[in-house]
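Asker: what's the 3D shape of this:
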Amino acid sequence: MKKILISAVACAAIAQAGMFVGFDGGYAMNTSAGDGGTKYGIYDSNIKGRFDANAWNVALNFGAEGFVNNYFGARAFIEALYSGGIDSNLSHFDLTGNADIIVNFVSNGGIGAFAGFGVGYSYWWGTGFGGGNAPLYARTGLTFGIGKNSRIDATLKLPIVGWYAHGDNKLTKIVNQPFSVQLGYKYRF
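Answerer: Reported below is the predicted structural model:
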């Protein structure tokens, strides 16, 4: 009986969830502890393989968003992000899956907050450097509903950990992109 009830609630939530498309733009202060030295501070200049690179970023996203009532909801989406260096020649491309819990402070969804996480694949390239990693990061921010179909998000991304695959089939823990801020627009249909 419980399985039937849970399945019915899940089906109803999916049926009421709206799909959305969106875009984001922002700024990232990239610092990396690239030798598995995540137990050290990422700002420690003695870390082997460490790099710094400030960058702008743009992203496109597609996903679903649904609310259980006027105050609580969730969303899941895929994001494709490109970032280009401001003070270096490093660039990177991310493809991530993200999930957020949304809490509206007022019943009409005018202003709220969200928190969640993202995981995916990131590929970095530049002069003498190229490689990919699998980052895991936390997301939090404010969200502003505009009418029934539009939403503006101010997002902060914080790293948790990432894994870098070496050519010798060895995984190394790394930390990168410690601070990223984005402003984005989402249209729900």
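Asker: quick one: low-confidence ranges for the protein?
Answerer: By pLDDT under 70, the weakly predicted segments of the chain are 1-17, 30-53, 86-88, 108-109, 127-129, 163-178.
Asker: and the helices in it?
Answerer: Listed in chain order, the helices found in the chain under DSSP state H are 2-16.
Asker: the strands in it, which residues?
Answerer: Applying DSSP state E to the chain gives strands spanning 18-32, 51-67, 72-85, 91-104, 111-126, 129-146, 150-165, 171-174, 179-188.
Asker: need those in a markdown table with mean neighbour count, can you?
Answerer: The C-beta positions use only the backbone N, C-alpha and C, and glycine is treated the same way. Below are the strands of the chain laid out as a markdown table (neighbours: other Cβ atoms under 10 Å):
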| stretch | mean neighbour count |
| --- | --- |
| strand 18-32 | 18 |
| strand 51-67 | 17 |
| strand 72-85 | 18 |
| strand 91-104 | 18 |
| strand 111-126 | 16 |
| strand 129-146 | 17 |
| strand 150-165 | 17 |
| strand 171-174 | 17 |
| strand 179-188 | 18 |
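Asker: now do the same contact list for Gly18.
Answerer: Residues near Gly18 by Cβ atoms under 8 Å, 6 or more residues apart in numbering: Ala64, Glu65, Gly66, Arg188, Phe189.
Asker: Phe93 contacts Tyr82, doesn't it?
Answerer: Yes. Counting by Cβ atoms under 8 Å, Phe93 touches Tyr82, with 5.5 Å between them.
Asker: how near is Tyr71 to Gly130?
Answerer: 46 Å (Cβ to Cβ, to the nearest Å).
Asker: I misspoke; the intended subject was Phe77.
Answerer: 28 Å.
Asker: try Asn57
Answerer: In this view, Asn57 and Gly130 are 19 Å apart by Cβ to Cβ.
Asker: now do Ser150
Answerer: From Ser150 over to Gly130 the distance is 38 Å, taken as Cβ to Cβ.
Asker: again, but for Tyr187
Answerer: Taking Cβ to Cβ, one finds Tyr187 at 35 Å from Gly130.
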